[in-house]
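> 3D model of this:
(2 chains)
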Amino acid sequence: MNGVSPEIVDALCLSLEVAAYCTLVTALPGIAVGWLLARCRFPGKTAVDVLVHVPLVVPPVIVGYLLLLSLGREGWIGRYLNEWFDLRIAFTFWGAVVAAAICAFPLVVRSVRTAVELVDPRLEQAAATLGAGRLRRLATITLPLSLPGILAGLSLAFARSLGEFGATMTFAGNMPGETQTLSLAVFSRMQSPGSEATVAILAAVSIGLATFSLVLSELFTRWMRQRMAVGNA
Amino acid sequence: MLDFNIELTRGRFDIDISYADRFGVLGIFGPSGSGKTTLLHSLAGLLTPDRGRIDFAGQTLYDSASRTNVPACRRPVGLVFQDHRLFPHKTVRGNLCYGMRRGEESRFSIDDISRMLEIEHLLDRCARKLSGGQAARVALARAILASPKLLLLDEPFAGLDIRLKNRLLPLLLRVRRRLDLPMVVVSHDFDVHATLADRLLAVADGRAVGRGDIFDLVQNPRTLPLLDGHTISSSLRLTVVEHRPAEGFTLMRNIGRRGPIIKTRPEPALPVGATVDATLPSGEVVLALDSLENSSMQNQLRVKIDRITTNAGRVFCQLDIGSPILAEVTAQSADQLGLCEGRSVWCLFKATSIRCHWDGRSFDSGDNTATSDSSPAILCDSMSR
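Model (predicted):
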């Protein structure tokens, strides 16, 4: 197995790291937006809904391109980040995280939204009559009851970011050890002849990881369904 | 003082109900879809009326004129929902603690209230594993433990079979007697009101059609039809005087030693001197011009007719047996006996017609265990979700 080079291990570790940060970064805003869409009525809700889901349907390369336009060194926002905070995102590790997070974000929002919608609002009413304000109701009733759905969404985000390719390639580049994640490593190896074995191993690892995250997500979803089925009986 | 005027339109249905009275237990009754639950939800702050005002104990909870609307979580009002709404991810204890304000002295303790409602053995159980009757008691306990100054109950016996209702009603009465908590009870079951309520508000099609006590309601041509098919009972508060097991009855008397001795079925479990809540169905009271020497009517009391009401072909006589009771007779009987206000008649009823509630138990059948069930396992089996 001379195909298992330190580069492969690096790519694997980097992928896991990017996916972990991506999951962490999307968690809070994903829960907030999911809850907002499920429980609140406000002007421009449809626009927010569409905007959140855009990365799901737009080709990832375009997402990467838009990220470059906005967060790149000369981008609308990136320029100021660079000038004021000396912060560079494009073509760094954090660029890979941001690219993966943007693509995974709609999945988190969708899961959270569905989970929160499944929580019986009458329970929140009951909590209100027991003296719980909006925040306490959210923290003690809505979030705990939708927790399995939130976890399912986060594992889906983890799986999605492991498979991220187009946006990462465009926005973060393909630098071994810094931004070359598993899928980028597979792509690079496929270009060079004689690396079939390595590609096969990388593909297998990739499939294994993604399947694991999906199974996890499915288990959480099942837990959610059980919880709701009994809770509403 | 509870004083409200609620106007609210939902689609083609509109509600316009006003009420003002001192504290106590207000029973709201009326047919399904008459706006009872909407009214309760407005009082609790879960619904905002279109117009009106809600004042409670000197505090304005809602006033459309001054745009005051205290949110539900800051109203001193508790609500026991028809569908219980226990938090499924918490234990019974977790549910009970939920409304207890942190750092604030609660008026009641979990121990006391759980004992009062007989749910101590359920405290560590998961809320979603409770049967209907247990969930109803936990929901009631949870609302009480939030220390509301006004407790609203929405159809507290909905979905419970007669046996469970007989189990919960005396517990509710125990809460009423021991905690001195103003309540508003919504129920379409008149039996509940006869047992619990001081005053009644009859609601139909989103309007208040009558108010007062049962004596007022039977006189009101708009409220009497609402009572069709319901047992109209008078409520009494009696003191246990003496047990006569050999003769097969217990002697009781109106509290304050007013009126004559009343015989009830033997209830040795009731301590002498105890005050019991009792109901007497108006249809089981017989009026006669003479006493019946040879009959099974254990109670034969010489009384005066205070008032006669003829309403929709039904005749109700109000009598004083230490406290007022109703007797329903047919128009023909009233005619034949020459019944009129001020006339002395014999009021007859069987000892078994009196139904007593004392300290969380009903005494209305020979076998007390039927209603004062101490075995939760039997309760579980008998209830389907």
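> tell me how chain B divides into domains.
Using automatic domain parsing, the domain ranges for chain B come out as B:2-228, B:234-365.
> average model confidence for the last one?
Summarised as a single mean, pLDDT over domain B:234-365 is 89.
> off-centre distance for that domain?
19 Å (CA atoms, centre = their mean, to the nearest Å).
> ok, stretch A:190-202 next?
For stretch A:190-202, the distance to the chain centre is 28 Å (CA atoms, centre = their mean).
> give the buried residues for stretch A:171-189.
Residues A:171-174, A:179-189 are the ones in stretch A:171-189 that count as buried (16 or more other CB atoms under 10 Å in any protein chain shown). For the C-beta atoms, the positions are set from N, CA and C on the backbone; glycine is no exception.
> what residues does that stretch touch?
A:7-8, A:10-12, A:14-15, A:18, A:63-65, A:67-68, A:71-72, A:90-93, A:95-96, A:98-99, A:162-165, A:168-169, A:195, A:198-199, A:202-203, A:205-206, A:209 (CB atoms under 8 Å, 6 or more residues apart in numbering or on different chains).
> pLDDT of that stretch, averaged?
88.
> so how far is it from its chain's centroid?
Stretch A:171-189 sits 18 Å away from the centroid of its parent chain (CA atoms, centre = their mean).
> tell me which element A:V205 is part of?
Assessed by DSSP states H and E, A:V205 sits inside helix A:196-231.
> helices or strands up against that helix?
Helix A:196-231 sits against helix A:6-39, helix A:93-118, helix A:143-163, helix A:182-191, with contacts defined as 3 or more CB pairs under 8 Å, 6 or more residues apart in numbering or on different chains; DSSP states H and E.
> by how many degrees do the shortest one and helix A:93-118 diverge?
Per axes from the mean of the first three to the mean of the last three CA atoms, to 10 degrees, the angle that helix A:182-191 makes with helix A:93-118 is 130 degrees.
> quick one, helix A:182-191 and helix A:143-163 angle?
For helix A:182-191 against helix A:143-163, the angle by the same axes, to 10 degrees is 20 degrees.
> before we move on, back to that, from the buried residues of stretch A:171-189, which is closest to B:F13?
A:F171 (56.3 Å; CB to CB).
> which of the residues in the helix holding A:V205 are buried?
For helix A:196-231, the neighbour count (16+ other CB under 10 Å) marks A:198-199, A:201-202, A:205-206, A:209-210, A:213-214, A:216-217, A:220-221, A:224, A:227-228, A:231 as buried.
> circling back to that earlier point, now distance to B:F363 too, for the helices and strands packed on helix A:196-231, in TSV please.
TSV is the format used below for the helices and strands packed on helix A:196-231 (distance: least, CB to CB, whole Å):
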stretch	distance to B:F363
helix A:6-39	49
helix A:93-118	46
helix A:143-163	43
helix A:182-191	76
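> doesn't B:G30 make contact with B:L39?
No. If you go by CB atoms under 8 Å, B:L39 and B:G30 don't touch, sitting 9.7 Å apart.
> neighbour-wise, which of these two wins?
In terms of neighbours (other CB atoms under 10 Å in any protein chain shown), B:L39 is the more surrounded of B:L39 and B:G30; the figures are 28 against 24.
> which helices and strands does the helix or strand that contains that one pack with?
For B:L39, the host element (DSSP H and E) is helix B:36-44. Helices and strands touching helix B:36-44, by 3+ CB pairs under 8 Å, 6+ apart, are strand B:2-10, strand B:13-21, strand B:25-29, strand B:77-80, strand B:150-154, strand B:183-186.
> what's the following helix or strand after it?
As assigned by DSSP H and E, the chain's next helix or strand after helix B:36-44 is strand B:51-56.
> average pLDDT for that next one?
Strand B:51-56 carries an average pLDDT of 94.
> and the residue nearest to B:S323 when sequence neighbours are not counted, how many neighbours?
Nearest non-adjacent residue to B:S323, counting by CB to CB, 6 or more residues apart in numbering or on different chains: B:N254, 5.2 Å away. B:N254 is flanked by 19 other residues according to other CB under 10 Å.
> ok, which residues in the stretch 51-200 of chain B are in contact with chain A?
Within the stretch 51-200 of chain B, the positions near chain A by CB under 8 Å from any CB of the partner chain are B:71-75, B:77-79, B:81, B:83, B:85, B:87-89, B:98-99, B:101, B:128, B:142-143, B:146.
> name the helices or strands packed onto the helix or strand where B:L348 lies?
Assigned by DSSP H and E, B:L348 falls within strand B:344-349. In terms of contacts (3+ CB pairs under 8 Å, 6+ apart), strand B:344-349 is packed against strand B:286-288, strand B:299-311.
> out of those strands, flag the one nearest A:I141.
A:I141 lies closest to strand B:299-311 among the helices and strands packed on strand B:344-349, at 48.8 Å (CB to CB).
> mind checking what helix or strand follows that closest one in sequence?
Downstream of strand B:299-311, the first helix or strand assigned by DSSP H and E is strand B:314-320.
> check which helices and strands that next one is in contact with.
Strand B:314-320 sits against helix B:214-219, strand B:299-311, strand B:324-329, helix B:331-337, with contacts defined as 3+ CB pairs under 8 Å, 6+ apart.
> need these in CSV (columns: distance to B:L236 and mean neighbour count).
Output for these, formatted as CSV (distance: least, CB to CB, whole Å; neighbours: other CB atoms under 10 Å in any protein chain shown):
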stretch, distance to B:L236, mean neighbour count
helix B:214-219, 12, 20
strand B:299-311, 12, 16
strand B:324-329, 7, 22
helix B:331-337, 23, 13
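> let me see the contact set for B:F23.
So, once contact is read as CB under 8 Å, 6+ apart, B:F23 ends up touching B:M1, B:L2, B:A57, B:P182.
> try 6 Å
By CB atoms under 6 Å, 6 or more residues apart in numbering or on different chains, B:F23 lies in contact with B:P182.
> re the thing from before, out of the helices and strands packed on strand B:314-320, which comes closest to chain A?
Shortest distance between chain A and the helices and strands packed on strand B:314-320, using CB to the nearest CB, is found for helix B:214-219: 29.5 Å.
> ok, and what's touching the closest one?
For helix B:214-219, the external contacting residues (CB under 6 Å, 6+ apart) are B:L200, B:G210, B:T223, B:L224, B:T309, B:F316, B:Q318.
> can we see that at 7 Å?
Residues outside helix B:214-219 that contact it (CB atoms under 7 Å, 6 or more residues apart in numbering or on different chains): B:194, B:200, B:202, B:210, B:223-224, B:227, B:232, B:234, B:309, B:311, B:316, B:318, B:324, B:326.
> nearest to chain A, of those?
So of these, ranked by how close each gets to chain A (CB to the nearest CB), first place is B:L200, at 23.9 Å.
> is it true that the closest one lies in a strand?
Yes. With DSSP: H, G, I helix; E, B strand; the rest coil as the criterion, B:L200 is part of a strand.
> which ones are touching residue 101?
All of this is about chain A. When contacts are counted by CB under 7 Å, 6+ apart, A:A101 touches A:C22, A:V25, A:T26.
> wrong chain, I was asking about chain B
A:G131.
> how distant is the helix holding A:V205 from the center of its chain?
On CA atoms, centre = their mean, the centre of helix A:196-231 falls 14 Å from that of its chain.
> which non-adjacent residue is nearest B:D63?
B:R53 (4.7 Å).
> the one you found bridge partners, please.
Beta-bridge pairing of B:R53 under DSSP bridges involves B:N5, B:D63.
> I figured it hits B:S66, correct?
No. Under the criterion of CB atoms under 7 Å, B:R53 makes no contact with B:S66, lying 8.9 Å away.
> more crowded one of the two?
Each of B:R53 and B:S66 has its neighbours counted (other CB under 10 Å); B:R53 has more, 19 against 9.
> show me the shaky parts of the stretch 1-150 of chain B.
B:102-105 (pLDDT under 70).
> same deal with chain A?
Looking at chain A by pLDDT under 70, you get A:1-4, A:228-233.
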